[in-house]
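Participant: coordinates only, sequence not included:
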């Protein structure tokens, strides 16, 4: 699990399809088969913990606010450093933010058989069962008729759980991110893959298939210490450099970790589950499972939350009138060359406390026209410094 620390952004790493001219085939498609059956025994990589397709991230625990006066050297007025209050979201104890798909179940799996330069997608199913505290899977499939008479040792197979469609010519599989959840909910789909594996030369049974995560889990604890507004976070993004995607095409042909390419309909702005954030010491942990993209060079991370806020009328009620759009932004200050498949990220200190003006930009989510978002953060940097809400 790769780890990177982004101090200024307070982002802790604990952890779009380019059309090729071929038409995607729904995963109900299956080519003519030979009648020759094979069986694959599968398990899950260690990062899936003890549940079938579970990803666990330490998200902290009971939230607390610390009111600190910071002296920021970058803010200099008449030779004096600017001082401001900061409500920093920190953690009193550790718990696990957990996304889990299923217990014992049967679900579709898309297999892609390879022989030479040819590919043969086949639809099948995997049966998941708990054996001695660990989940195992069994896949049964019928070989395509084009592979009749071909030695098993000359055939390779790869697979994807949670596929949306598959290209019958290239064997590339399209997967879509599941809806976001809040901690305590169950995520309905977390797509996984197993890499190209050669069939057994002497048996119709293949053991040792291991599923790994295609996506990255992003955990965003959100708290509010602002009694004037009730907040409804709606979207999360790591910025327009597109570190994450909502839909990708998966190319398994090279073996090993697959290549992910954004689809034409993919977005880097991810919807969040609706959850009203009232003034409270409590926090809501939002969990997203999205697909990471790697780069040849380092690019700036810019995590931000967009949403709507409503005037608060009591402890747990707010005005149902016209809402105002808000942003909790972070200035692009640290760089990365990408997020690893199967990684886990925690975005700390998305705290809704101080109002820092109405000059918030939509730039982080590609909205270049709107520049009047209400800006909130844990830092009381005032309303007279344009764009400083994320400092």
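Facilitator: Sure, I can see it. Predicted model only: the values in this text are computed from it and were never measured.
Participant: so where's this structure uncertain?
Facilitator: Scanning the chain for pLDDT under 70 picks out 1-34, 45-53, 58-84, 87-103, 281, 314-318, 331, 333, 384-391.
Participant: mind listing the helices for it?
Facilitator: Counting by DSSP state H, the chain forms no helices at all.
Participant: for residue 161, grab the count of nearby residues.
Facilitator: By other C-beta atoms under 10 Å, 24 other residues sit near residue 161. The way it works is simple: take the backbone N, C-alpha and C, and place the C-beta from them, glycine included.
Participant: contacting residues for it?
Facilitator: By C-beta atoms under 8 Å, 6 or more residues apart in numbering, the contact set of residue 161 is 53, 107-110, 126, 191-193, 211.
Participant: over to residue 198?
Facilitator: Applying C-beta under 8 Å, 6+ apart, we find residue 198 in contact with 152-153, 155-156.
Participant: how about the strands in the stretch 251-391 of the chain?
Facilitator: Under the criterion DSSP state E, counting those that start in this stretch, the stretch 251-391 of the chain contains strands at 259-262, 269-271, 280-292, 299-301, 304-314, 317-318, 324-328, 334-336, 344-347, 350-352, 354-355, 374-377.
Participant: residue 115 is nearest to which of those?
Facilitator: Closest to residue 115 of those is strand 259-262 (C-beta to C-beta; 20.4 Å).
Participant: who wins on neighbours among the contacts of residue 198?
Facilitator: residue 155 (21 neighbours).
Participant: quick one on the thing from earlier: using JSON lines, lay out the strands of the stretch 251-391 of the chain together with mean neighbour count and distance to residue 245.
Facilitator: Shown next, in JSON lines, are the strands of the stretch 251-391 of the chain (neighbours: other C-beta atoms under 10 Å; distance: least, C-beta to C-beta, whole Å):
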{"stretch": "strand 259-262", "mean neighbour count": "18", "distance to residue 245": "4"}
{"stretch": "strand 269-271", "mean neighbour count": "19", "distance to residue 245": "9"}
{"stretch": "strand 280-292", "mean neighbour count": "21", "distance to residue 245": "5"}
{"stretch": "strand 299-301", "mean neighbour count": "19", "distance to residue 245": "14"}
{"stretch": "strand 304-314", "mean neighbour count": "18", "distance to residue 245": "17"}
{"stretch": "strand 317-318", "mean neighbour count": "15", "distance to residue 245": "33"}
{"stretch": "strand 324-328", "mean neighbour count": "22", "distance to residue 245": "21"}
{"stretch": "strand 334-336", "mean neighbour count": "17", "distance to residue 245": "15"}
{"stretch": "strand 344-347", "mean neighbour count": "25", "distance to residue 245": "15"}
{"stretch": "strand 350-352", "mean neighbour count": "26", "distance to residue 245": "21"}
{"stretch": "strand 354-355", "mean neighbour count": "20", "distance to residue 245": "32"}
{"stretch": "strand 374-377", "mean neighbour count": "24", "distance to residue 245": "27"}
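Participant: quick check: the gap between residue 365 and residue 237.
Facilitator: Residue 365 sits at a distance of 5 Å from residue 237 (criterion: C-beta to C-beta, to the nearest Å).
Participant: between these two, which contacts overlap?
Facilitator: Counting by C-beta under 8 Å, 6+ apart, the shared contacts of residue 365 and residue 237 are 269, 304, 306.
Participant: can you redo the residues you listed as JSON lines with distance to residue 143?
Facilitator: Below are those laid out as JSON lines (distance: C-beta to C-beta, whole Å):
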{"residue": "269", "distance to residue 143": "42"}
{"residue": "304", "distance to residue 143": "49"}
{"residue": "306", "distance to residue 143": "49"}
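Participant: now, of the contacts of residue 161, which are buried?
Facilitator: The neighbour count (16 or more other C-beta atoms under 10 Å) marks 53, 107, 109-110, 126, 191-193, 211 as buried among the contacts of residue 161.
Participant: which residues does residue 306 contact?
Facilitator: Residues near residue 306 by C-beta under 8 Å, 6+ apart: 233-237, 269, 325-327, 362, 364-365, 373.
Participant: repeat for residue 295
Facilitator: By C-beta under 8 Å, 6+ apart, residue 295 lies in contact with 241, 337-338.
Participant: touching stretch 360-372 from outside, list them.
Facilitator: Stretch 360-372 is contacted from outside by 235, 237, 239-240, 268-269, 302, 304, 306, 325-327, 329, 358-359, 373-375, 387, 389, using C-beta under 8 Å, 6+ apart.
Participant: how does it look with 7 Å?
Facilitator: For stretch 360-372, the surrounding residues in contact (C-beta atoms under 7 Å, 6 or more residues apart in numbering) are 235, 237, 239-240, 269, 302, 304, 306, 327, 329, 358-359, 373-375, 387, 389.
Participant: could you report the distance from residue 154 to residue 276?
Facilitator: Distance from residue 154 to residue 276, by C-beta to C-beta: 58 Å.
Participant: make CSV from the contacts of residue 306 and add distance to residue 204 to it.
Facilitator: CSV is the format used below for these (distance: C-beta to C-beta, whole Å):
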residue, distance to residue 204
233, 51
234, 51
235, 48
236, 46
237, 47
269, 46
325, 59
326, 59
327, 57
362, 56
364, 52
365, 51
373, 60
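Participant: which one of those residues is nearest residue 348?
Facilitator: The shortest approach to residue 348 among those belongs to residue 236, at 13.4 Å (C-beta to C-beta).
Participant: thought the closest one was touching residue 220?
Facilitator: Yes. Assessed by C-beta atoms under 7 Å, residue 236 is found in contact with residue 220 at 6.0 Å.
Participant: neighbour count for the two, which is higher?
Facilitator: Taking residue 236 and residue 220 together and counting by other C-beta under 10 Å, residue 236 has the greater number of neighbours (28 against 25).
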